[in-house]
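>>> Just the structure for this:
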Amino acid sequence: MCVAINTKSFVCELAANYPVNGETFITQFVWDGPAPKAGQFFMVRPQRSSVFLARPLSIFEFNPVQNMVKFLITKRGKGTEELGQMQIGEKVELTGPIGNAWEDYLPENGKVALVGGGTGIAPLAALVAEKPDSYFHFFAGFKSGFRNKEEENSMLGAAVNAKKLIVAAEDGRNALNGRVVDYLFEPRNYDVMFACGPVLLLKAVIEKCKANNVPCYVSMERYMACGVGACLGCTVQTPKGNRRCCVDGPIFSSEEVVIDE
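Numbering: from 1, shown residues only. Just a heads-up that it's a prediction; the model follows:
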């Protein structure tokens, strides 16, 4: 069930909630609003919540047949803890979809490298699900590897359907050993790179792209209060001044953002 509050906000039921590992879980909600695109996000807040502000969450997958939207979430505070404790049938307020989409920068018939770190893989996996016939090589990096194949498949989602999949972990457990950017060979083989994840990963990808003259787009993570550009709390630095991650992004060309460590 999903009931409209206005054109952007709906009260929706939780359809599934299950752990991937001790820190990460997947939630799935009924969604009858405007169809979201990969790269966009929602502001998510449980009705039964002690937290005032909603949490911005990138789409992990959207199923237009079942009207279901899925999120990959890491526990980072009280808000995400509450989402992880929700029971089937409980309700949240979903506001969105918000922001621009990967398809805005996707070359026709081009070769695309998708580079994600941690739960930053979510909006990139959503793109693989949305564009199953496109030519994607997916590079996924994690601090810790997986206990088993089931955990890996849950974490990667639709990324497992990319034309090529490279998975690296800094501890080397059931994955390539090291940073995923170290396995990003021959950047010139790609028409564009899309990246999302920790700041150090974004910096490394941007440097590789710049050195090889490859266009690069990055999805930025920022704390958000409103999600509509009013509070100016999600500022992204650019050479031409500050921009808002929520309404001007979250996807930016690597040439227009200043990445701080």
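
>>> Gly116 in helix, strand or coil?
With DSSP: H, G, I helix; E, B strand; the rest coil as the basis, Gly116 sits in strand.

>>> For it, which non-adjacent residue is closest in space?
Closest residue to Gly116 apart from its sequence neighbours, by CB to CB, 6 or more residues apart in numbering: Leu124 at 4.7 Å. From N, CA and C alone the C-beta is placed, and that goes for glycine too.

>>> And the one you found, how close does it get to Thr27?
18 Å (CB to CB, to the nearest Å).

>>> In terms of neighbours, single out the busier of those two.
Higher neighbour count among Leu124 and Thr27: Leu124, with 32 against 22, using other CB atoms under 10 Å.

>>> Keeping just the C-alphas, turn the helix or strand harbouring that one into CSV.
Using DSSP states H and E, Leu124 sits in helix 122-130. Taking C-alpha atoms only, helix 122-130 is exported to CSV below (Å, rounded to 0.1, in the frame of the first residue of the first chain):
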residue,chain,number,x,y,z
ALA,A,122,23.8,0.9,-4.9
PRO,A,123,23.0,3.6,-7.5
LEU,A,124,25.4,1.9,-10.0
ALA,A,125,23.7,-1.5,-9.5
ALA,A,126,20.4,0.3,-10.1
LEU,A,127,21.8,1.5,-13.5
VAL,A,128,22.6,-2.1,-14.5
ALA,A,129,19.1,-3.2,-13.6
GLU,A,130,17.6,-0.2,-15.5
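
>>> per-residue confidence averaged over it?
If you average the pLDDT over helix 122-130, you get 98.

>>> Show me what it is in contact with.
37-41, 58-62, 71-72, 102-103, 106, 114-116, 134, 136, 138, 156-159, 161-162, 194, 196, 219 (CB atoms under 8 Å, 6 or more residues apart in numbering).

>>> Could you check the angle the helix or strand just after that helix makes with helix 122-130?
Where DSSP H and E defines the elements, the next helix or strand beyond helix 122-130 is strand 135-142. Angular relation of strand 135-142 and helix 122-130 on a 0 to 180 degree scale: 150 degrees, by axes from the mean of the first three to the mean of the last three CA atoms, to 10 degrees.

>>> Tell me the buried residues in stretch 168-180?
The neighbour-count check on stretch 168-180 (16 or more other CB atoms under 10 Å) flags Ala168, Ala169, Ala175, Leu176, Arg179, Val180 as buried.

>>> ok, those vs Lys143, which is closest?
Ala169 (7.0 Å; CB to CB).
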